[in-house]
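K.L.:
build me a model from this:
(3 chains)
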Amino acid sequence: MGCEPLTGGRRELVHVHDLEVSLGGRTVLTGVDFRIAEGEFVGLIGTNGSGKTTLLRSILGLQATAAGEVVVAGREGRRGGPVGYVPQRVAFDHDVPVRVADFVALGVDGTRLGLARRGRGVHERVEEVLASLELGGLAARRIGALSGGEQQRVLMAHALASRPRLLLLDEPLANLDLPRVHETIALLDRVRRAEGVAVVLSAHEIGPLVPVMDRVVYIAQGRVACGTTAEVVRPEVLSALYGHHVDVLNVHGRVVVVEGEPGDPGAHPEVVVR
Amino acid sequence: MHWLVEPGFWSNPVVRTALVLGAVVAVVSAVVGVVVVVRGQSFAGHALTDVAMAGGAGASLVGASPLVGFLLAGIVGGGSIEAAGAERVRDRDVATGVVLGAAAGLTALFLYFVSSSTSATGSTQSVLFGSVFTVSPSVVPLSVVVAVVTLVTLLGVRRPLLLSSLSPELAAARGVRPRVMGLTFVLVLAASVALSALVIGAILSTALLVGPASAALRVARGLVGATLGAIVAGVAAVELGIVLSYDSFYWNAAHRSVPVSACVVAVVLVEVAGSTAWSRWRRGRG
Amino acid sequence: MFEPFMANAWLAGTLVAVVSGAVGLFVVLRHSAFAAHAIPNGAFAGAAGATLVGTSPLLGLVVFAVGSALGVAALGRRRNDVVTALALVTMLALGAALLAASGAYEPAIDALLFGEVLGVSRGEVVALALLVVGAGVVLALVFRPLLYASLSEEVAAARGAAVRAIDATFLVLVAVTAALAVPVVGALLTFALTVGPPAAARMLARRPGRALALAAALSLACVWAAIASAYLSGWPIGFFVGAYAAGEYVVARAASSWREGRARP
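P.N.:
You can find the predicted model right below:
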């Protein structure tokens, strides 16, 4: 159901096949199956603790899997593929002697052994990617002295520096106010078109992503459903996913997912779609 | 009892002082140690031992009681670590390290003065690695007073202290002042380090602080159970270590006994290894 | 103080300072202060063991320090403060027991713990130099991945950096540094040298390469000044290493606060 890439003709980039992951004896993900094509924008939607980060780490090859396989750009389960990763947070020390430009350059050659001088190409790429994320003015600043929002942009620039074909972002919108959310999404959409990179972005709110997103991977109870927003965010689909009845309500033009029977005191909105 | 202790053990006054002092110190270390492990402050605890070492060396230079030296240095050093690391928590390990290094340097200087100004030998051994057999009985009353004050203080602040260990924000919301708590605890820690430095030497007192507590935390469920377990483990380690060290004198022809502190550390290690194995085995079954 | 018998002291001090400054920068960046404190104590036990057996102290130092480092590395992600603390104390207790068993006299113990300007023989300087060259080559080789993994292990691992191997390599570098430094500045002061000057350099420099150079320079200044002071006063070198390292840190901290205060009026 909907788990094949929407747009025919584009090459397959990621294939997650029948994935199962256990953490500390608890099964976190099971039977997860979907594909992502080159250049797609995919929202990975689920509540806190639903396994979004675990799924991203599995795609990165950082997570030991119990069953199934993850193939990225034709290679199976290996780290260091053509993938850029933006974790939710990196705690940089306040006075770490590393400038923004140094850190972004490490995205290109950070795993290379030896002290060979950086070529012109690396410096030009760093300038280019900083400019495309509107960070040119921060290049010479110490990375630890930036604000949280600035650091997140720098992490994006760092992830893009190596010209990846896939960009994974873990909850990049979690701590932003609404105008900044829209600004960030618009920026990511621009960058993915300019760089030709597929984007997988995890979030617990689906609404702001609707205008740019090609498809949704909706995660609940350790399983996923995928397709377009209209295909996935429906009572039948989500009820099957949660394993019990779920309502999708239209309230003043916003879509609200409510878990449990109407009138059930335990019912609470799971996902809000604006 | 002859299979366990060599002749003259019980009738020896030095041994009796050692056993009493060892038990007092073990109880305080165990109780404070549980809080140290729960708060994740093993490094701070260890740094204080190095600071206390400087105090011990200074005391032996001016001829004061080593306990007083350990105690004063611990309080000054603990206060400065707390002050240096309080603004930037991520820098705390570096600040701790710098204070610790300076203290080790001072120790070197004091010990040098001791050995060059007096004909006394063995001050490095006794300050760093300790020997409970050389402690004079006159120190016992003061040690007991310090021990009681330390335990009463810890008991008094245990609730806000644990709350601020588990969640500083929650504690602050409830009106607990984290800096006051941090400072109070460092002082308690300094007193406990000073006491155990007396028995097994400044540099090894970390073993008595962290070892029995971490062993007990692995086995027991609640904090009260862990504290009681740590007391039992700590007292057992010290008393058994004293027996082993005393006996070791008769083990070889040269009559070179194994230092008490090394024996205590060995028993502590066995306890920690045993508790780790036990908790693995239990988890494997459950 | 530049008499022929001091030549070994200056040479050994210089070698020790450069390596501990450079490696120390990563100790500070990686928040590995506790491990960097524990490993020299392992070296101490090794030197004590070598005294007992009667082999070269340098051999004991290197074997035990590298052994401790690999032990710390094997604990990997489960590494925690309590285990480090116990390992550290065990090594010290072992060293004390071995020294007691060997009947070593007090100045020998003091030299191992607090350093000895004349603690290195001519033959050993050659061995030290070889170790320093080896450590330098390894550090140059892994510099970039090590820096990357120190900033964020997760991001570096996602890019394909072998973070476990990098961690083990780093700890072995710390061990080699400890083996070099323990006979000169002592087991208890080696740590001061690997943390103080590099922490100062981290606050003052803005770029990784310059921080590395500055850390080595500050460490060199600390050791040279300590050797000279120890020679002139006759006091133990350990005291001066501890005092100057702390002094550099305090001055750098004041300078960086002042600079930040100016930047934000």
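
K.L.:
what score does residue C:251 have for pLDDT?
P.N.:
pLDDT recorded at residue C:251 is 94.

K.L.:
pretty sure it is in a helix, no?
P.N.:
Yes. Remark: residue C:251 belongs to a helix, assigned using DSSP: H, G, I helix; E, B strand; the rest coil.

K.L.:
OK, contacts around it?
P.N.:
residue C:200 (CB atoms under 8 Å, 6 or more residues apart in numbering or on different chains). C-beta: built from backbone N, CA, C; applies to glycine.

K.L.:
try it again with 7 Å
P.N.:
By CB atoms under 7 Å, 6 or more residues apart in numbering or on different chains, residue C:251 lies in contact with nothing.

K.L.:
could you check how far it is from residue C:196?
P.N.:
Applying CB to CB, to the nearest Å, the value for residue C:251 to residue C:196 is 11 Å.

K.L.:
show me which residues of chain B are close to chain C?
P.N.:
B:37, B:40, B:42-43, B:46, B:93-94, B:97-98, B:101-102, B:104-106, B:108-109, B:111-112, B:115, B:121-122, B:124, B:129, B:203-204, B:206-207, B:210-211, B:214, B:256, B:258-259, B:261-262, B:265, B:269, B:272 (CB under 7 Å from any CB of the partner chain).

K.L.:
which among the residues you listed end up buried?
P.N.:
Among the residues of chain B next to chain C, those scoring as buried are B:37, B:42-43, B:46, B:93-94, B:97-98, B:101-102, B:104-106, B:108-109, B:111-112, B:115, B:124, B:129, B:203-204, B:206-207, B:210-211, B:214, B:258-259, B:261-262, B:265, B:269, B:272 (criterion: 16 or more other CB atoms under 10 Å in any protein chain shown).

K.L.:
could you list the low-confidence segments of the stretch 1-150 of chain A?
P.N.:
A:1-9, A:77 (pLDDT under 70).

K.L.:
can you pull the contacts of the residue nearest to residue A:139 when sequence neighbours are not counted?
P.N.:
Spatial nearest neighbour of residue A:139, chain neighbours left out: residue A:101 (4.4 Å); criterion: CB to CB, 6 or more residues apart in numbering or on different chains. Taking CB under 7 Å, 6+ apart as the criterion, residue A:101 is in contact with A:126, A:139, A:140.

K.L.:
can you tell me the SS state at residue A:205?
P.N.:
Assignment for residue A:205 (three-state DSSP): coil.

K.L.:
how many other residues sit next to it?
P.N.:
15 (other CB atoms under 10 Å in any protein chain shown).

K.L.:
secondary structure element for the closest residue to residue B:204 other than its chain neighbours?
P.N.:
Spatial nearest neighbour of residue B:204, excluding adjacent residues (CB to CB, 6+ apart): residue B:261 at 4.7 Å. Using DSSP states H and E, residue B:261 sits in helix B:260-285.

K.L.:
repeat that for residue A:31.
P.N.:
strand A:26-37.

K.L.:
then residue A:200?
P.N.:
Residue A:200 belongs to strand A:198-203 when assigned by DSSP H and E.

K.L.:
who's in contact with the residue lying closest to residue B:260 once chain neighbours are set aside?
P.N.:
Spatial nearest neighbour of residue B:260, chain neighbours left out: residue B:245 (4.2 Å); criterion: CB to CB, 6+ apart. Residues in contact with residue B:245 (CB under 7 Å, 6+ apart) are B:257, B:258, B:259, B:260, B:263.

K.L.:
can you list those residues in JSON lines and add pLDDT?
P.N.:
Listed next are the contacts of residue B:245 as JSON lines, based on pLDDT from 0 to 100:
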{"residue": "B:257", "pLDDT": "74"}
{"residue": "B:258", "pLDDT": "79"}
{"residue": "B:259", "pLDDT": "81"}
{"residue": "B:260", "pLDDT": "85"}
{"residue": "B:263", "pLDDT": "89"}
